[in-house]
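In: Dropping a prediction and its sequence here:
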Amino acid sequence: MTSKSVAVSVRLSQEDAEFVTSFDTPDASTPSDKLRAIIAELREIKSSMHDYGNSLVTLKNLVQDTQQRLLTSERKLNLHSDVTAKIGEWLPEIMAFYMTAVSAGKKEVDRKTLETLEDGLLKRVFSLFSHMMRLGITEESPTYDKKAVRRQLQPVLELSGIIELQRKK
């Protein structure tokens with residue numbers, strides 16, 4: 001079933017008009033086509049945020065361009081960073097979990113849902129933290145700056161020592 005088209009007149013700022021004109025998407029060459037493509041893309045993003053799987057796919061697509069540029073630059077410069085690779089993988093997953101943990105139609109969230117959300121977030125954050133800690137096992141880490149993890153790790157180890165002392169009291 002095809003919906004009827006409705007003519008809409010709109011005034012845009014110069015900046016927004018330039019954005020529409022420069023918006024690059026397949027099969028959209030006119031400003032009208034581009035506006036329809038922008039609306040369709042936003043509708044897809046909004047509708048996907050109610051389901052974890054769809055949300056994850058959408059969020060991965062959002063970071064894909066950045067990841068592609070990083071990988072291309074890494075290849076060109078013969079570099080690699082486990083930090084940027086892990087964060088690029090981790091961000092869409094934690095965002096999808098966070099955004100879909102509470103049903104969109106709920107105005108209020110019960111305690112069990114809040115506790116489940118918190119637990120899931122903590123598991124994901126500490127999983128990332130554990131991964132970053134493992135990068136500090138060796139003197140040089142698989143990062144652009146081979147000493148970066150060691151430098152960042154020292155204050156964390158100091159905090160860890162303080163926490164351990166407090167727990168023993």
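Out: Noted; the coordinates are in hand.

In: residues in contact with Ile38?
Out: For Ile38, the contact set (Cβ atoms under 8 Å, 6 or more residues apart in numbering) comprises 20, 23. For every residue, glycine as well, the C-beta is placed using N, CA and C.

In: Mind pulling up the pLDDT for it?
Out: Listed pLDDT for Ile38 reads 88.

In: do Arg69 as well
Out: 96.

In: Counting neighbours, what do you get for it?
Out: Arg69 has 10 neighbouring residues, counting by other Cβ atoms under 10 Å.

In: in what helix or strand does it lie?
Out: Take DSSP states H and E as the rule and Arg69 turns out to sit in helix 52-77.

In: Repeat that for Met133.
Out: Using DSSP H and E, Met133 maps to helix 111-134.

In: That helix: which residues count as buried?
Out: 128, 132 (16 or more other Cβ atoms under 10 Å).

In: Also stretch 42-58?
Out: Buried-residue list, stretch 42-58, by 16+ other Cβ under 10 Å: 48-49, 54-56, 58.

In: and of these, the nearest to Asn78?
Out: Nearest to Asn78 among these: Leu56, at 31.3 Å, using Cβ to Cβ.

In: residues in contact with the closest one?
Out: Residues in contact with Leu56 (Cβ under 8 Å, 6+ apart) are 92-93, 96.

In: Now the helix holding Met133: average pLDDT?
Out: Here the average pLDDT along helix 111-134 is 95.

In: Show me what it is packed up against.
Out: Applying 3 or more Cβ pairs under 8 Å, 6 or more residues apart in numbering; DSSP states H and E, we find helix 111-134 packed against helix 82-100, helix 148-168.

In: would TSV of those with distance to Lys107, mean neighbour count and mean pLDDT be doable?
Out: Putting the helices and strands packed on helix 111-134 into TSV (distance: least, Cβ to Cβ, whole Å; neighbours: other Cβ atoms under 10 Å; pLDDT from 0 to 100) gives the following:
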stretch	distance to Lys107	mean neighbour count	mean pLDDT
helix 82-100	17	17	95
helix 148-168	38	11	92
